[in-house]
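Novice: Give the three-dimensional model of this entry:
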Amino acid sequence: MAKVKVRKKLHPYMFIILTFLGVIAIGTILLLMPFASSSGESFGFVDSFFMATSAVCVTGLSVMKNGLGADMSIYGKVVMAMLMEIGGLSIITIAVFFFTIIKGKIGISNGLVLKESLNQNTMKDILSLVKNIVRISFSIQIICAFLNWYPFYEYLGLYGDASLGKAFLLSLFHSDASFNNAGFDIVYGTKNFVDFALDAGKLSTFSVIVFNLTTVFLIFSGGIGFVVIQDVLKKKRWKKFSLHTKITLIMTFILIIGGTLLIKFTANISFIDALFTSVTSRTAGFQTYDMMNLETHPATYYVIIILMFIGASPCSTGGGIKTTTMAVALIAIYHFAFGRKSKVFSRRLDNEQVIKAFVLITLAVMIVMSSTFVVVLIQPELGIDKTFFEIVSAFSTTGLSMGITTSLNVASKLIVCFLMIFGRIGILTIIGVVNKNWLNKSKEEIEYVKESVIIG
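Specialist: As a prediction, this is how the structure comes out:
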């Protein structure tokens, strides 16, 4: 009797993971080429892999000792820009967008992959969301590139290199990195955008304000989540917004305003510099405030750690445990303290969502703590404070650093790469691969007897 071959369908989470790893592998090969370096010498496998991972995971950590702008050729910078764009929007989203342009049809299996990739609960209006994601993201990036054109022209003038063409290309790269919360720059030196700080006094107030506000808008737009953007543009009224949109917006503004005030008064910097630092700390990774100053400002260090860990919102270009995860956990804790079921805006939170939030936070803390321990064990000379900052930054795909990235050895670099991949793909996505019932959401057939365990 002939055997019937049963074709197993690939788990959508596994497809997402393999896609990201595939793009990282291609990026590594492209950056491994000698002409990716300005010196004509290959960066080597580990550094090429690190930079590709950091770009695809839109982190921004860099092992380029003289800065990406100085150490990479034009070819290398173009590759980095493409990897950031793909990493921010995801190759799946971009592929589906172009597939719909040529009137292709998306099957059920591909639809499931797309649904999981975009963190959606249903497949309803998924193609409309994809089209809007691509259109909105590129429109915002191009418009903001024009707005930042003059500030970058003035900035180049500081180094005697004023050029309208170079300023626009610099602004275009910055828009890509900002919207995708990547944190890479191709400016002079390794201090990122400290020249654009109001307290630095190097550029005109006009250029500083335009650059800071435009960049904040880019980071905010990429980090708020495409679902929220579409919901706001479509419904336009607070009462009609979904619960997800309301929670995301409220939590985001609490973090922005609270972070700005705390950084302003703990670091003693101008409000606009504090605003920029507050927003960029939630997975963007740009600096107008030198992170080395955190050694003498421990309170600011603590604030930035929290902002990095929480990160951006779901279905966005940012990382972290996400704003909604923290919001759901806080809401659940509040109602649990009063012996009530979790609810907000006259809506009861699903117990499964509450459990997911606490599982995610717990696993994130365990991963960060264990990774910090291993790196400190390998390189004790780095110091616990700088190492912990680096690990949180990598896991949350922020990209801020207290100056130790270029000092990491091979083992530490690979650990940081692992964290960036873990943080970008998502903990729940990775552990979700073991779920064998992804097509059939059936419950366990056996009901076990309940028994209590003493807690606390």
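
Novice: now the stretch 151-300 of the chain, which segments are flagged as low pLDDT?
Specialist: 190 (pLDDT under 70).

Novice: which stretches of it form helices?
Specialist: Shown for the stretch 151-300 of the chain, the helices assigned by DSSP state H, counting those that start in this stretch span residues 164-179, 205-223, 226-235, 243-267, 271-280, 298-310.

Novice: Let me have these in JSON lines, extended by distance to Leu382 and mean neighbour count.
Specialist: All C-beta spots, glycine's among them, are computed from the backbone N, C-alpha and C. Below are the helices of the stretch 151-300 of the chain laid out as JSON lines (distance: least, C-beta to C-beta, whole Å; neighbours: other C-beta atoms under 10 Å):
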{"stretch": "helix 164-179", "distance to Leu382": "26", "mean neighbour count": "22"}
{"stretch": "helix 205-223", "distance to Leu382": "28", "mean neighbour count": "21"}
{"stretch": "helix 226-235", "distance to Leu382": "37", "mean neighbour count": "18"}
{"stretch": "helix 243-267", "distance to Leu382": "23", "mean neighbour count": "18"}
{"stretch": "helix 271-280", "distance to Leu382": "23", "mean neighbour count": "24"}
{"stretch": "helix 298-310", "distance to Leu382": "15", "mean neighbour count": "21"}
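
Novice: can I get these in TSV with distance to Tyr75?
Specialist: Converted to TSV, these look like this (distance: least, C-beta to C-beta, whole Å):
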stretch	distance to Tyr75
helix 164-179	14
helix 205-223	25
helix 226-235	30
helix 243-267	37
helix 271-280	28
helix 298-310	32
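
Novice: Quick test: name the residue nearest the centre of the protein.
Specialist: The centroid of the chain falls nearest to Gly318 when counting by C-alpha atoms, centre = their mean (2.5 Å).

Novice: Could you tell me which residues make contact with the residue lying closest to that one once chain neighbours are set aside?
Specialist: Nearest residue to Gly318, sequence neighbours excluded (C-beta to C-beta, 6 or more residues apart in numbering): Ala312, at 2.4 Å. Counting by C-beta atoms under 8 Å, 6 or more residues apart in numbering, Ala312 makes contact with 181, 222-225, 282-283, 318-320, 322-323.

Novice: what's the answer for Lys191, then?
Specialist: Contact analysis of Lys191 by C-beta under 8 Å, 6+ apart lists 287, 290.

Novice: Next, work out how far apart it and Phe206 are.
Specialist: 22 Å (C-beta to C-beta, to the nearest Å).

Novice: closest to Asn132 out of the helices of the stretch 151-300 of the chain?
Specialist: helix 226-235 (5.3 Å; C-beta to C-beta).

Novice: Can you show me the strands along the stretch 1-150 of the chain?
Specialist: Assigned by DSSP state E, counting those that start in this stretch, the stretch 1-150 of the chain shows no strands.

Novice: what's the spacing between the residue nearest to Gly318 and Thr205?
Specialist: 29 Å.

Novice: average pLDDT across stretch 329-343?
Specialist: Averaged over stretch 329-343, pLDDT sits at 91.

Novice: just the CA coordinates of it, formatted as PDB?
Specialist: C-alpha atoms of stretch 329-343 as PDB (Å, rounded to 0.1, in the frame of the first residue of the first chain):
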ATOM      1  CA  ALA A 329       0.600  44.900  33.500                       C
ATOM      2  CA  LEU A 330       0.100  48.200  35.500                       C
ATOM      3  CA  ILE A 331      -3.700  48.000  35.000                       C
ATOM      4  CA  ALA A 332      -3.800  44.400  36.100                       C
ATOM      5  CA  ILE A 333      -1.700  45.100  39.200                       C
ATOM      6  CA  TYR A 334      -4.000  48.100  40.100                       C
ATOM      7  CA  HIS A 335      -7.200  46.100  39.800                       C
ATOM      8  CA  PHE A 336      -5.700  43.000  41.500                       C
ATOM      9  CA  ALA A 337      -4.800  45.100  44.500                       C
ATOM     10  CA  PHE A 338      -8.500  45.900  44.900                       C
ATOM     11  CA  GLY A 339      -9.700  42.400  44.200                       C
ATOM     12  CA  ARG A 340     -11.300  43.300  40.800                       C
ATOM     13  CA  LYS A 341     -11.000  42.000  37.300                       C
ATOM     14  CA  SER A 342      -8.800  44.100  35.000                       C
ATOM     15  CA  LYS A 343     -10.700  46.700  33.000                       C
END
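
Novice: returning to that earlier point: closest one to Ile454 among the helices of the stretch 151-300 of the chain?
Specialist: helix 298-310 (29.7 Å).

Novice: Name the residues that touch the closest one?
Specialist: With contact meaning C-beta under 8 Å, 6+ apart, helix 298-310 is reached by 255, 259, 262-263, 266-267, 277-278, 281-283, 291, 293-294, 320-323, 326, 364, 368, 385, 388-389, 392-393, 395-396, 398, 400.

Novice: relative orientation of that helix and helix 271-280 in degrees?
Specialist: Angle, helix 298-310 to helix 271-280, by axes from the mean of the first three to the mean of the last three C-alpha atoms, to 10 degrees: 40 degrees.

Novice: For the next helix or strand after helix 298-310, buried residues please.
Specialist: Later in the chain than helix 298-310, the nearest helix or strand by DSSP states H and E is helix 323-337. Judged by neighbour count (16 or more other C-beta atoms under 10 Å), helix 323-337 contains these buried residues: 323-329, 331-332, 335.
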